[in-house]
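K.L.:
Please work out how this folds:
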Amino acid sequence: MASMVRWLSRRTRPHNTPCNRIITIALQCILSRTFSHDALCFHDHDPHLAFKSLNPPKTLKLPKKSQLKNSNEENRIIADDNTDDQSLWSLDRKDKTPIHSPLPFDFQYSYSESNPNLTPIGFREKKFSPFGPGRIDRKWTGWYAAASQEAKRNAETFRKRREEILGDPLTEEEIAELVEKYGRSNCDRQINLGRGGVTHNMLDDIHNHWKRGEAIRIKCLGVPTIDMDNICFHLEDKTGGKIISRRTNILILYRGRHYDPKQRPVIPLMLWKPHEPIYPRLIKDVVDGSTSEETKEMRKRGLSIPPLTRLTKNGCYHRLLQKVRDAFTQNELVRIDCTGVETSDYKKIGAKLRDLVPCVLLLFKDEQIVIWRGKIYHATKTSSEPVSAVLTEGSNNSLMLVEATHDADNNSVGT
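P.N.:
Below is the predicted model:
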(Lines give C-alpha, C1' and ligand atoms only; values in the text may rest on other atoms or scores of the structure.)
Protein backbone atom coordinates (compact mmCIF):
# COMPACT_ATOMS: atom_id res chain seq x y z
CA MET A 1 0.00 0.00 0.00
CA ALA A 2 2.75 2.48 0.93
CA SER A 3 4.75 1.64 -2.23
CA MET A 4 1.67 2.19 -4.39
CA VAL A 5 1.05 5.58 -2.82
CA ARG A 6 4.69 6.64 -3.27
CA TRP A 7 4.56 5.56 -6.90
CA LEU A 8 1.36 7.48 -7.42
CA SER A 9 2.87 10.62 -5.87
CA ARG A 10 6.03 10.41 -7.99
CA ARG A 11 3.91 9.75 -11.05
CA THR A 12 1.83 12.89 -10.68
CA ARG A 13 4.56 15.18 -9.37
CA PRO A 14 6.21 16.15 -12.71
CA HIS A 15 2.83 17.04 -14.27
CA ASN A 16 1.27 19.20 -11.58
CA THR A 17 -1.84 20.19 -13.53
CA PRO A 18 -5.34 20.72 -12.10
CA CYS A 19 -6.67 17.65 -13.88
CA ASN A 20 -3.93 15.41 -12.50
CA ARG A 21 -4.44 16.81 -9.01
CA ILE A 22 -8.15 15.98 -9.10
CA ILE A 23 -7.45 12.45 -10.36
CA THR A 24 -4.82 11.97 -7.63
CA ILE A 25 -7.16 13.05 -4.85
CA ALA A 26 -9.93 10.79 -6.16
CA LEU A 27 -7.61 7.76 -6.32
CA GLN A 28 -6.30 8.46 -2.83
CA CYS A 29 -9.83 8.52 -1.45
CA ILE A 30 -10.69 5.23 -3.17
CA LEU A 31 -7.52 3.53 -1.95
CA SER A 32 -7.94 4.81 1.61
CA ARG A 33 -11.51 3.50 1.84
CA THR A 34 -10.61 0.21 0.16
CA PHE A 35 -7.72 -0.69 2.44
CA SER A 36 -9.17 1.06 5.56
CA HIS A 37 -5.94 2.88 6.22
CA ASP A 38 -5.94 5.18 9.23
CA ALA A 39 -4.31 8.13 7.51
CA LEU A 40 -2.82 9.15 4.22
CA CYS A 41 -0.39 12.01 4.17
CA PHE A 42 1.62 13.14 1.17
CA HIS A 43 3.14 16.24 2.63
CA ASP A 44 6.63 14.87 2.00
CA HIS A 45 5.98 14.95 -1.75
CA ASP A 46 3.31 17.62 -2.25
CA PRO A 47 2.06 19.70 0.70
CA HIS A 48 -1.08 20.70 -1.24
CA LEU A 49 -2.28 17.08 -1.22
CA ALA A 50 -1.79 16.58 2.50
CA PHE A 51 -4.93 15.68 4.42
CA LYS A 52 -5.74 13.81 7.57
CA SER A 53 -7.69 10.66 8.19
CA LEU A 54 -10.95 10.27 6.30
CA ASN A 55 -12.49 8.17 9.04
CA PRO A 56 -15.23 10.01 10.98
CA PRO A 57 -14.28 11.15 14.47
CA LYS A 58 -15.38 9.01 17.34
CA THR A 59 -18.41 10.28 19.22
CA LEU A 60 -18.04 11.06 22.88
CA LYS A 61 -20.13 8.94 25.19
CA LEU A 62 -21.64 10.41 28.32
CA PRO A 63 -21.20 8.45 31.52
CA LYS A 64 -24.12 6.41 32.68
CA LYS A 65 -26.54 8.07 35.07
CA SER A 66 -26.00 5.30 37.59
CA GLN A 67 -22.34 6.32 37.91
CA LEU A 68 -23.31 9.93 38.65
CA LYS A 69 -26.19 9.23 40.95
CA ASN A 70 -24.87 11.15 43.93
CA SER A 71 -23.01 13.90 42.07
CA ASN A 72 -24.05 17.39 41.05
CA GLU A 73 -23.10 16.68 37.45
CA GLU A 74 -26.02 14.28 37.15
CA ASN A 75 -28.51 17.10 37.63
CA ARG A 76 -26.87 19.13 34.86
CA ILE A 77 -27.02 16.26 32.36
CA ILE A 78 -30.64 15.50 33.17
CA ALA A 79 -31.55 19.17 32.69
CA ASP A 80 -29.84 19.21 29.29
CA ASP A 81 -31.69 16.07 28.25
CA ASN A 82 -35.03 17.66 29.14
CA THR A 83 -34.43 20.58 26.76
CA ASP A 84 -34.90 18.23 23.80
CA ASP A 85 -38.02 16.63 25.19
CA GLN A 86 -40.59 15.92 22.50
CA SER A 87 -43.35 17.28 24.69
CA LEU A 88 -42.16 20.82 23.93
CA TRP A 89 -42.91 20.27 20.24
CA SER A 90 -46.17 18.39 20.75
CA LEU A 91 -49.51 19.94 19.84
CA ASP A 92 -51.15 18.34 22.86
CA ARG A 93 -52.42 21.24 24.99
CA LYS A 94 -54.12 19.10 27.62
CA ASP A 95 -52.40 20.63 30.64
CA LYS A 96 -51.57 24.00 29.08
CA THR A 97 -53.65 27.16 29.02
CA PRO A 98 -54.52 28.69 25.61
CA ILE A 99 -52.63 31.76 24.47
CA HIS A 100 -54.57 34.99 25.03
CA SER A 101 -54.02 38.00 22.79
CA PRO A 102 -55.62 41.38 23.61
CA LEU A 103 -55.56 42.55 19.97
CA PRO A 104 -59.06 43.82 19.08
CA PHE A 105 -59.26 42.48 15.50
CA ASP A 106 -60.00 39.06 14.04
CA PHE A 107 -57.02 36.87 13.15
CA GLN A 108 -56.85 35.74 9.52
CA TYR A 109 -54.14 34.71 7.12
CA SER A 110 -54.19 37.88 5.00
CA TYR A 111 -55.67 41.17 6.13
CA SER A 112 -55.19 43.21 2.96
CA GLU A 113 -56.27 40.53 0.45
CA SER A 114 -59.51 39.50 2.13
CA ASN A 115 -62.80 41.25 1.45
CA PRO A 116 -65.01 41.40 4.56
CA ASN A 117 -68.05 42.14 2.37
CA LEU A 118 -67.84 38.75 0.65
CA THR A 119 -69.12 35.66 2.41
CA PRO A 120 -67.65 32.31 1.30
CA ILE A 121 -70.03 29.69 0.01
CA GLY A 122 -67.89 26.73 1.07
CA PHE A 123 -64.54 25.54 2.38
CA ARG A 124 -61.87 23.31 0.84
CA GLU A 125 -60.97 21.64 4.11
CA LYS A 126 -62.37 20.98 7.53
CA LYS A 127 -62.27 23.84 10.00
CA PHE A 128 -58.88 23.02 11.51
CA SER A 129 -57.32 26.02 13.22
CA PRO A 130 -53.94 26.93 11.61
CA PHE A 131 -52.79 28.05 15.06
CA GLY A 132 -52.92 24.47 16.29
CA PRO A 133 -55.58 22.71 18.34
CA GLY A 134 -56.24 24.55 21.59
CA ARG A 135 -53.26 26.93 21.26
CA ILE A 136 -55.32 30.15 21.31
CA ASP A 137 -58.54 31.14 23.03
CA ARG A 138 -60.25 32.07 19.74
CA LYS A 139 -62.49 29.84 17.67
CA TRP A 140 -61.53 29.27 14.05
CA THR A 141 -64.52 29.75 11.74
CA GLY A 142 -62.85 28.45 8.59
CA TRP A 143 -61.33 31.73 7.37
CA TYR A 144 -60.72 33.82 10.50
CA ALA A 145 -60.41 33.55 14.28
CA ALA A 146 -62.91 35.93 15.81
CA ALA A 147 -61.78 38.26 18.60
CA SER A 148 -63.44 37.96 21.96
CA GLN A 149 -66.02 40.49 23.11
CA GLU A 150 -63.62 41.71 25.78
CA ALA A 151 -60.95 42.44 23.17
CA LYS A 152 -63.42 44.32 20.96
CA ARG A 153 -64.52 46.44 23.92
CA ASN A 154 -60.88 47.41 24.48
CA ALA A 155 -60.48 48.72 20.91
CA GLU A 156 -60.59 52.31 22.08
CA THR A 157 -57.96 51.60 24.73
CA PHE A 158 -55.79 49.99 22.08
CA ARG A 159 -56.10 53.10 19.89
CA LYS A 160 -55.16 55.45 22.74
CA ARG A 161 -52.22 53.23 23.64
CA ARG A 162 -51.04 53.42 20.05
CA GLU A 163 -51.12 57.24 20.11
CA GLU A 164 -49.07 57.25 23.33
CA ILE A 165 -46.45 54.99 21.77
CA LEU A 166 -46.18 57.12 18.62
CA GLY A 167 -45.69 60.29 20.67
CA ASP A 168 -45.18 63.66 19.06
CA PRO A 169 -45.05 63.80 15.26
CA LEU A 170 -41.61 63.54 13.71
CA THR A 171 -39.98 66.65 12.34
CA GLU A 172 -38.84 66.90 8.73
CA GLU A 173 -35.22 66.48 9.79
CA GLU A 174 -36.01 63.30 11.73
CA ILE A 175 -38.00 61.85 8.84
CA ALA A 176 -35.18 62.65 6.39
CA GLU A 177 -32.68 60.93 8.70
CA LEU A 178 -34.81 57.78 8.99
CA VAL A 179 -35.45 57.69 5.24
CA GLU A 180 -31.73 58.02 4.57
CA LYS A 181 -30.97 55.18 7.00
CA TYR A 182 -33.75 52.73 6.13
CA GLY A 183 -34.57 53.73 2.56
CA ARG A 184 -31.52 52.13 0.95
CA SER A 185 -31.95 49.02 -1.16
CA ASN A 186 -29.33 47.16 0.93
CA CYS A 187 -31.03 47.92 4.24
CA ASP A 188 -30.92 45.05 6.74
CA ARG A 189 -34.33 45.93 8.21
CA GLN A 190 -36.46 44.94 5.23
CA ILE A 191 -39.50 42.75 4.69
CA ASN A 192 -40.78 41.75 1.27
CA LEU A 193 -44.57 41.90 0.86
CA GLY A 194 -45.73 39.55 -1.89
CA ARG A 195 -48.94 38.10 -3.24
CA GLY A 196 -50.19 37.28 0.26
CA GLY A 197 -50.32 40.96 1.21
CA VAL A 198 -50.24 41.86 4.89
CA THR A 199 -50.25 38.40 6.46
CA HIS A 200 -50.71 37.51 10.11
CA ASN A 201 -47.19 36.18 10.71
CA MET A 202 -45.77 39.33 9.10
CA LEU A 203 -46.96 41.29 12.13
CA ASP A 204 -44.63 39.27 14.34
CA ASP A 205 -41.74 39.78 11.90
CA ILE A 206 -42.25 43.55 12.01
CA HIS A 207 -42.10 43.62 15.81
CA ASN A 208 -38.95 41.48 15.71
CA HIS A 209 -37.28 44.07 13.46
CA TRP A 210 -38.47 46.87 15.71
CA LYS A 211 -36.44 45.38 18.56
CA ARG A 212 -33.21 46.52 16.90
CA GLY A 213 -34.32 49.41 14.73
CA GLU A 214 -36.65 52.39 14.86
CA ALA A 215 -38.16 51.71 11.46
CA ILE A 216 -38.43 49.00 8.84
CA ARG A 217 -38.37 49.05 5.05
CA ILE A 218 -41.20 47.18 3.30
CA LYS A 219 -40.97 46.36 -0.40
CA CYS A 220 -44.33 45.56 -1.98
CA LEU A 221 -44.69 43.48 -5.15
CA GLY A 222 -47.43 41.55 -6.89
CA VAL A 223 -51.20 41.79 -6.75
CA PRO A 224 -51.47 43.83 -3.50
CA THR A 225 -49.72 46.81 -5.14
CA ILE A 226 -52.89 47.59 -7.12
CA ASP A 227 -54.28 49.22 -3.96
CA MET A 228 -51.38 50.66 -1.98
CA ASP A 229 -53.74 52.64 0.26
CA ASN A 230 -55.19 49.37 1.52
CA ILE A 231 -51.71 48.05 2.36
CA CYS A 232 -50.78 51.21 4.26
CA PHE A 233 -54.03 51.14 6.22
CA HIS A 234 -53.62 47.55 7.41
CA LEU A 235 -49.95 48.00 8.27
CA GLU A 236 -50.73 50.95 10.51
CA ASP A 237 -53.93 49.47 11.91
CA LYS A 238 -52.54 46.03 12.79
CA THR A 239 -49.03 46.95 13.97
CA GLY A 240 -49.66 50.34 15.58
CA GLY A 241 -46.84 51.96 13.58
CA LYS A 242 -46.80 54.95 11.24
CA ILE A 243 -45.94 55.15 7.53
CA ILE A 244 -43.42 58.01 7.28
CA SER A 245 -42.37 57.47 3.66
CA ARG A 246 -44.09 56.07 0.61
CA ARG A 247 -42.31 55.95 -2.73
CA THR A 248 -44.18 53.93 -5.31
CA ASN A 249 -44.04 50.44 -3.75
CA ILE A 250 -41.43 51.15 -1.05
CA LEU A 251 -42.75 51.90 2.44
CA ILE A 252 -40.97 52.86 5.65
CA LEU A 253 -42.91 51.94 8.80
CA TYR A 254 -41.92 53.80 11.98
CA ARG A 255 -42.47 52.15 15.37
CA GLY A 256 -42.97 55.28 17.53
CA ARG A 257 -40.99 57.37 19.99
CA HIS A 258 -42.00 55.43 23.09
CA TYR A 259 -41.98 51.90 21.71
CA ASP A 260 -40.85 49.27 24.23
CA PRO A 261 -40.03 45.80 22.82
CA LYS A 262 -40.74 44.23 26.20
CA GLN A 263 -44.36 45.43 26.04
CA ARG A 264 -45.09 44.30 22.50
CA PRO A 265 -48.51 42.68 21.95
CA VAL A 266 -48.93 38.92 22.02
CA ILE A 267 -49.19 37.61 18.45
CA PRO A 268 -49.65 33.82 18.19
CA LEU A 269 -48.16 32.44 14.98
CA MET A 270 -49.94 30.40 12.35
CA LEU A 271 -48.34 26.99 11.98
CA TRP A 272 -49.46 26.53 8.36
CA LYS A 273 -51.26 28.42 5.61
CA PRO A 274 -54.98 27.64 5.57
CA HIS A 275 -56.75 26.93 2.29
CA GLU A 276 -58.69 29.80 0.82
CA PRO A 277 -62.48 29.54 1.10
CA ILE A 278 -64.69 29.06 -1.95
CA TYR A 279 -66.27 32.27 -3.19
CA PRO A 280 -68.93 32.85 -5.88
CA ARG A 281 -67.80 32.92 -9.50
CA LEU A 282 -66.26 36.14 -10.72
CA ILE A 283 -67.67 35.92 -14.25
CA LYS A 284 -71.30 35.31 -15.11
CA ASP A 285 -72.36 33.37 -18.16
CA VAL A 286 -74.57 36.26 -19.27
CA VAL A 287 -73.90 39.83 -18.19
CA ASP A 288 -76.81 41.52 -16.43
CA GLY A 289 -78.77 43.67 -18.84
CA SER A 290 -77.43 41.91 -21.96
CA THR A 291 -78.40 38.88 -23.94
CA SER A 292 -76.31 35.79 -24.47
CA GLU A 293 -75.46 36.83 -28.06
CA GLU A 294 -74.36 40.30 -26.97
CA THR A 295 -72.15 38.83 -24.25
CA LYS A 296 -70.46 36.44 -26.68
CA GLU A 297 -69.93 39.24 -29.19
CA MET A 298 -68.29 41.49 -26.56
CA ARG A 299 -65.99 38.70 -25.42
CA LYS A 300 -64.93 37.95 -28.97
CA ARG A 301 -64.35 41.63 -29.71
CA GLY A 302 -62.44 42.09 -26.45
CA LEU A 303 -59.86 39.45 -27.42
CA SER A 304 -59.23 41.15 -30.76
CA ILE A 305 -58.49 44.68 -29.49
CA PRO A 306 -54.90 45.72 -28.65
CA PRO A 307 -53.91 45.21 -25.00
CA LEU A 308 -53.88 48.25 -22.76
CA THR A 309 -50.76 47.09 -20.93
CA ARG A 310 -48.77 43.96 -20.23
CA LEU A 311 -48.26 42.87 -16.63
CA THR A 312 -45.11 41.07 -15.51
CA LYS A 313 -44.94 38.40 -12.86
CA ASN A 314 -44.61 39.84 -9.34
CA GLY A 315 -44.42 43.35 -10.71
CA CYS A 316 -45.62 46.68 -9.38
CA TYR A 317 -49.16 47.51 -10.53
CA HIS A 318 -49.78 50.74 -8.63
CA ARG A 319 -50.74 52.67 -11.82
CA LEU A 320 -53.03 50.03 -13.29
CA LEU A 321 -56.24 51.48 -11.84
CA GLN A 322 -55.62 54.91 -13.34
CA LYS A 323 -54.73 53.44 -16.73
CA VAL A 324 -57.97 51.45 -16.85
CA ARG A 325 -60.06 54.45 -15.81
CA ASP A 326 -58.47 56.63 -18.46
CA ALA A 327 -58.99 53.94 -21.11
CA PHE A 328 -62.69 53.68 -20.25
CA THR A 329 -63.18 57.34 -21.21
CA GLN A 330 -62.57 56.39 -24.86
CA ASN A 331 -63.27 52.64 -25.13
CA GLU A 332 -65.91 50.46 -23.57
CA LEU A 333 -63.72 47.33 -23.61
CA VAL A 334 -60.20 46.90 -22.21
CA ARG A 335 -57.86 43.95 -22.55
CA ILE A 336 -54.94 43.39 -20.19
CA ASP A 337 -52.15 41.02 -21.20
CA CYS A 338 -51.03 38.83 -18.26
CA THR A 339 -48.62 36.52 -20.10
CA GLY A 340 -46.37 34.83 -17.56
CA VAL A 341 -48.54 35.73 -14.58
CA GLU A 342 -49.93 32.84 -12.57
CA THR A 343 -53.59 32.01 -13.05
CA SER A 344 -54.56 32.70 -9.45
CA ASP A 345 -52.78 36.07 -9.57
CA TYR A 346 -54.44 37.51 -12.66
CA LYS A 347 -57.84 36.34 -11.44
CA LYS A 348 -57.22 38.28 -8.22
CA ILE A 349 -56.21 41.26 -10.35
CA GLY A 350 -59.53 41.03 -12.17
CA ALA A 351 -61.42 40.88 -8.88
CA LYS A 352 -59.66 44.01 -7.61
CA LEU A 353 -60.37 45.89 -10.84
CA ARG A 354 -64.04 44.91 -10.61
CA ASP A 355 -64.33 46.44 -7.14
CA LEU A 356 -62.02 49.45 -7.44
CA VAL A 357 -62.50 50.78 -10.99
CA PRO A 358 -65.40 49.61 -10.99
CA CYS A 359 -66.12 47.51 -14.07
CA VAL A 360 -67.63 44.24 -15.29
CA LEU A 361 -65.48 41.16 -15.82
CA LEU A 362 -66.14 39.49 -19.16
CA LEU A 363 -63.44 36.88 -19.72
CA PHE A 364 -60.35 35.13 -18.38
CA LYS A 365 -58.76 33.29 -21.29
CA ASP A 366 -55.21 32.56 -22.52
CA GLU A 367 -53.71 34.73 -19.77
CA GLN A 368 -55.86 37.69 -20.88
CA ILE A 369 -58.32 39.80 -18.88
CA VAL A 370 -61.24 41.39 -20.75
CA ILE A 371 -63.32 43.94 -18.84
CA TRP A 372 -66.31 46.09 -19.78
CA ARG A 373 -67.07 49.53 -18.42
CA GLY A 374 -70.86 49.05 -18.37
CA LYS A 375 -73.76 50.54 -20.27
CA ILE A 376 -73.31 54.05 -18.84
CA TYR A 377 -69.94 55.38 -17.79
CA HIS A 378 -68.80 58.97 -17.19
CA ALA A 379 -65.35 59.84 -15.92
CA THR A 380 -63.78 63.26 -15.50
CA LYS A 381 -60.42 64.21 -14.12
CA THR A 382 -58.92 67.62 -13.45
CA SER A 383 -55.65 68.65 -11.95
CA SER A 384 -57.20 69.45 -8.56
CA GLU A 385 -60.10 67.00 -8.37
CA PRO A 386 -60.03 63.21 -7.97
CA VAL A 387 -61.47 60.86 -10.51
CA SER A 388 -65.28 60.73 -10.40
CA ALA A 389 -67.17 57.96 -12.11
CA VAL A 390 -70.72 56.78 -12.50
CA LEU A 391 -71.29 53.19 -13.59
CA THR A 392 -74.65 51.53 -14.06
CA GLU A 393 -74.92 47.91 -15.11
CA GLY A 394 -78.23 46.79 -16.59
CA SER A 395 -81.69 47.66 -15.42
CA ASN A 396 -81.20 46.07 -12.00
CA ASN A 397 -78.65 48.70 -10.99
CA SER A 398 -76.69 45.95 -9.27
CA LEU A 399 -73.44 47.85 -9.62
CA MET A 400 -73.48 51.60 -9.12
CA LEU A 401 -70.73 53.94 -8.03
CA VAL A 402 -71.64 57.57 -7.49
CA GLU A 403 -68.18 58.87 -6.72
CA ALA A 404 -64.94 56.95 -6.48
CA THR A 405 -61.69 58.39 -5.25
CA HIS A 406 -58.30 56.83 -5.58
CA ASP A 407 -55.57 58.42 -3.50
CA ALA A 408 -52.88 55.82 -4.08
CA ASP A 409 -51.50 57.53 -7.20
CA ASN A 410 -52.08 61.04 -5.85
CA ASN A 411 -50.24 60.43 -2.59
CA SER A 412 -47.39 58.35 -4.00
CA VAL A 413 -43.99 60.00 -4.31
CA GLY A 414 -41.83 59.15 -7.27
CA THR A 415 -42.60 56.89 -10.20
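
K.L.:
pretty sure Pro120 contacts Ile278?
P.N.:
Yes - under the criterion of Cβ atoms under 8 Å, Pro120 makes contact with Ile278 at 5.8 Å. Every C-beta, even on glycine, is put in place using the N, C-alpha and C of the backbone.

K.L.:
Between these two, point out the one with more neighbours.
P.N.:
Pro120 (14 against 11; other Cβ atoms under 10 Å).

K.L.:
Need the residues that contact stretch 197-214.
P.N.:
107-113, 178, 182, 188-189, 191, 193, 216, 223-224, 231, 234-235, 238-239, 241, 253-255, 259, 261, 264-265, 267, 269-270 (Cβ atoms under 8 Å, 6 or more residues apart in numbering).

K.L.:
From those residues, which land in strands?
P.N.:
Of these, the ones assigned to strands by DSSP state E are Ile191, Leu193, Ile216, Leu253, Tyr254.

K.L.:
packing partners for the helix or strand Leu321 falls within?
P.N.:
Here Leu321 sits within helix 320-328, counting by DSSP states H and E. Applying 3 or more Cβ pairs under 8 Å, 6 or more residues apart in numbering; DSSP states H and E, one finds that helix 320-328 contacts strand 333-337, helix 343-356, strand 376-380, helix 408-411.

K.L.:
Narrow the contacts of stretch 197-214 to just the buried residues.
P.N.:
107-113, 178, 182, 189, 191, 193, 216, 223-224, 231, 234-235, 238-239, 241, 253-255, 259, 264, 267, 270 (16 or more other Cβ atoms under 10 Å).

K.L.:
Mind checking which of those are in helices?
P.N.:
Leu178, Tyr182, Ile231, His234, Leu235, Lys238, Thr239 (DSSP state H).

K.L.:
from those, which is closest to Leu27?
P.N.:
Relative to Leu27, the closest of those is Tyr182; by Cβ to Cβ it sits at 55.2 Å.

K.L.:
which residues of the protein score low on pLDDT?
P.N.:
1-22, 26, 28-94, 376-415 (pLDDT under 70).

K.L.:
Strands of this protein, residue ranges please.
P.N.:
Under DSSP E, the chain gives strands at 190-193, 215-220, 242-247, 250-254, 309-310, 333-337, 360-365, 368-372, 376-380, 388-392, 400-401.

K.L.:
Same list, the ones in strands among the contacts of stretch 197-214, but as JSON lines with distance to Arg301 please.
P.N.:
Converted to JSON lines, these look like this (distance: Cβ to Cβ, whole Å):
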{"residue": "Ile191", "distance to Arg301": "43"}
{"residue": "Leu193", "distance to Arg301": "37"}
{"residue": "Ile216", "distance to Arg301": "47"}
{"residue": "Leu253", "distance to Arg301": "45"}
{"residue": "Tyr254", "distance to Arg301": "50"}
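
K.L.:
Looking at those, which two lie furthest apart in space?
P.N.:
Leu193 and Tyr254 (16.6 Å).

K.L.:
export the strands of the chain to a markdown table and tack on distance to Ser344?
P.N.:
Shown next, in a markdown table, are the strands of the chain (distance: least, Cβ to Cβ, whole Å):
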| stretch | distance to Ser344 |
| --- | --- |
| strand 190-193 | 17 |
| strand 215-220 | 18 |
| strand 242-247 | 27 |
| strand 250-254 | 24 |
| strand 309-310 | 19 |
| strand 333-337 | 16 |
| strand 360-365 | 11 |
| strand 368-372 | 13 |
| strand 376-380 | 29 |
| strand 388-392 | 26 |
| strand 400-401 | 26 |
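
K.L.:
So which of the ones you listed is nearest Glu163?
P.N.:
Closest to Glu163 of these is strand 242-247 (Cβ to Cβ; 10.3 Å).

K.L.:
okay, the angle between that closest one and strand 215-220?
P.N.:
Orientation of strand 242-247 against strand 215-220 (axes from the mean of the first three to the mean of the last three Cα atoms, to 10 degrees) gives an angle of 50 degrees.

K.L.:
what number of residues lie near Lys219?
P.N.:
As a burial measure, Lys219 scores 15 neighbours (other Cβ under 10 Å).

K.L.:
Start at 820, not 1
P.N.:
In the new count, where the first residue is 820, that last one comes out as Lys1038.

K.L.:
so it makes contact with Asn1068?
P.N.:
Yes - contact criterion Cβ under 8 Å: Lys1038 and Asn1068 qualify, at 6.6 Å.

K.L.:
how close does the residue nearest to Lys1166 when sequence neighbours are not counted sit to Gly1059?
P.N.:
Among residues not flanking Lys1166 along the chain, Phe1183 sits closest, at 6.1 Å (Cβ to Cβ, 6 or more residues apart in numbering). Applying Cβ to Cβ, to the nearest Å, the value for Phe1183 to Gly1059 is 39 Å.

K.L.:
okay, the two: which has more neighbours?
P.N.:
Set side by side, Phe1183 and Gly1059 show more neighbours around Gly1059, with 25 against 17, by other Cβ under 10 Å.

K.L.:
roughly how far apart are the more buried one and Val1160?
P.N.:
Between Gly1059 and Val1160 the computed distance is 34 Å (Cβ to Cβ).

K.L.:
ok so, going back, need the contact list for the residue nearest to Lys1166.
P.N.:
Leu1101, Ile1102, Tyr1165, Lys1166, Gly1169.

K.L.:
and if we set it to 10 Å?
P.N.:
Neighbour list for Phe1183: Leu1101, Ile1102, Cys1157, Thr1162, Tyr1165, Lys1166, Ile1168, Gly1169, Val1189 [criterion: Cβ atoms under 10 Å, 6 or more residues apart in numbering].

K.L.:
Any of the residues you listed buried? List them.
P.N.:
Cys1157, Tyr1165, Lys1166, Ile1168, Gly1169, Val1189.

K.L.:
For the fifth one, which residues are in contact?
P.N.:
Taking Cβ under 10 Å, 6+ apart as the criterion, Gly1169 is in contact with Leu1101, Ile1102, Ile1155, Cys1157, Cys1178, Leu1180, Leu1181, Leu1182, Phe1183, Ile1188, Val1189, Ile1190.

K.L.:
Good, we can wrap up now.
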